[in-house]
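Colleague: Structural data only, the sequence is not supplied:
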């Protein structure tokens with residue numbers, strides 16, 4: 001078996017409409033540089049390096065009935081490529097055994113993904 005990759009995700013519900021936020025139905029693929037292989041390798045080697053790539057999508061902006069059914073709200077989903085090795089220390093552990101280190105890693109991921117929205 002070859003390399004194992006992982007996607008981490010964040011789903012947001014917002015208290016503002018897509019129009020208010022300037023959100024369009026477009027998907028956004030983003031990466032640090034145009035050298036995709038280097039981006040992936042650098043993140044694989046260093047968890048703190050920028051994600052190899054990340055993806056943003058706006059499901060509510062794509063739904064023609066959203067504003068009618070859920071006025072003044074919208075949604076954003078974000079996904080980023082990472083390497084499973086960054087999570088290997090917790091592999092096979094029961095949820096109750098994973099501890100504060102994993103929680104810190106997840107909070108770091110959330111902060112990094114949210115920073116991409118700015």
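Modeller: Sure, I can see it. Keep in mind it's a predicted model, so treat the numbers as computed, not measured.
Colleague: Help me confirm that residue 7 comes into contact with residue 83.
Modeller: No: between residue 7 and residue 83 there is no contact under CB atoms under 8 Å: 10.8 Å. C-betas here are computed from N, CA, C, even on glycine.
Colleague: Where does the prediction get shaky in this structure?
Modeller: The model of the chain has pLDDT under 70 over residues 1-4.
Colleague: re the thing from before, show me which of residue 7 and residue 83 is the more surrounded one.
Modeller: A count of neighbours by other CB atoms under 10 Å puts residue 83 above the other of residue 7 and residue 83, at 18 against 11.
Colleague: Name the nearest residue to that one, ignoring sequence neighbours.
Modeller: residue 44 (4.5 Å; CB to CB, 6 or more residues apart in numbering).
Colleague: for the helix or strand containing the one you found, packing partners?
Modeller: For residue 44, the host element (DSSP states H and E) is helix 36-45. The contact analysis (3 or more CB pairs under 8 Å, 6 or more residues apart in numbering; DSSP states H and E) places helix 36-45 against strand 74-83.
Colleague: Neighbouring strands - and their directions - for the strand it packs on?
Modeller: Strand 74-83 pairs in its sheet with strand 5-14 (antiparallel), strand 54-57 (antiparallel), by DSSP bridges.
Colleague: Please tell me how far that strand is from the chain's geometric centre.
Modeller: 3 Å (CA atoms, centre = their mean, to the nearest Å).
Colleague: So for the following helix or strand past it, what gets flagged as buried?
Modeller: The helix or strand immediately downstream of strand 74-83 is helix 99-117, counting by DSSP H and E. Going by neighbour count (16 or more other CB atoms under 10 Å), the buried part of helix 99-117 is 105, 109, 112-113, 116.
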